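Q: Any chance you can model this:
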Amino acid sequence: MDISTIVRQIVVSAFPILIAITFHELSHGFVANKLGDPTAKMMGRLTLNPLAHIDPFGTILMPIMLIIFTNGQFVFGYAKPVPINPANFKNPRRDMAISAAAGPVTNIILSVISVFILKGIIAPLSLVVPESVSSTILTPLFLIFQSSVVYNVVLAVFNMIPIPPLDGGRVLTGLLPYKHALSFSKIEPFGFIIVILLIATGFTNYFVVPVVNFFLTILQLF
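A: Numbering: from 1, shown residues only. Prediction:
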């Protein structure tokens, strides 16, 4: 991949990734606040300002490295986790699960919105505006919102892997009987190591990729 292609890929990827992770983290804090935990609000994390959510490695360096080393075939990023204190919830296990699920649900909603913008606004406009306008404005917008569909679905599905501290792990912890949930939650300190091993060994290809493709197929029906 040459420099110009890398730069173009970064430009096309930067905006949808920032939007995806910003709304993902904001939704965690927003729902937690509604359920009684104001921790995120007090720490200034209930904001659409991406700077409040950016993690230098997960939001900037990792996506750029993935663009370079995978030729843009796989791009992923993450933000600083929104702080949540389950002790402030009336029903800590249930409310923590709901707060965790809010992030992936928000990403799916964003992917649906992106599809409607693509097919309801950008595509019709491309048929009536001059070619020069289409190539300089609409084509880049098409690529950005196309990336938004994919990145939001990938972020939602990846985070729903049922391993804590990923959102799916927290949701599963809230659904399990208390005794089993207590035992299951003990793997959280090793959660990211487990996830990295799943990615490195290719096991995620057997359950993440099919689910991502399923959602993308459903979205194409719109």
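Q: give me the number of residues near Q9?
A: By the criterion of other C-beta atoms under 10 Å, Q9 has 20 neighbours. Placement of C-beta: from N, CA and C, glycine included.
Q: Buried residues, the host helix or strand of it. List them.
A: Element membership for Q9, per DSSP states H and E: helix 3-34. Buried residues in helix 3-34, counted by 16 or more other C-beta atoms under 10 Å: 9-10, 12-33.
Q: Looking at that helix now, give me its mean pLDDT.
A: Helix 3-34 shows a mean pLDDT of 87.
Q: And the residue nearest the centre of the chain?
A: With distances taken as C-alpha atoms, centre = their mean, L155 lies nearest the centre of the chain, 3.1 Å away.
Q: what ranges do the helices span in the protein?
A: For the chain, applying DSSP state H gives helices covering 3-34, 39-42, 62-69, 92-117, 123-126, 131-133, 139-159, 167-175, 178-185, 191-200, 204-220.
Q: packing partners for the third one?
A: Yep, that's helix 62-69 we're talking about. The contact analysis (3 or more C-beta pairs under 8 Å, 6 or more residues apart in numbering; DSSP states H and E) places helix 62-69 against helix 3-34.
Q: now do the fourth one
A: Of the remaining helices and strands, those touching helix 92-117 by 3+ C-beta pairs under 8 Å, 6+ apart are helix 3-34, helix 139-159, helix 167-175, helix 204-220.
Q: Let me know the angle separating it from helix 178-185.
A: Orientation of helix 92-117 against helix 178-185 (axes from the mean of the first three to the mean of the last three C-alpha atoms, to 10 degrees) gives an angle of 60 degrees.
Q: Out of the helices of the chain, which is closest to K80?
A: Taking C-beta to C-beta, helix 3-34 is the member of the helices of the chain nearest to K80, at 7.2 Å.
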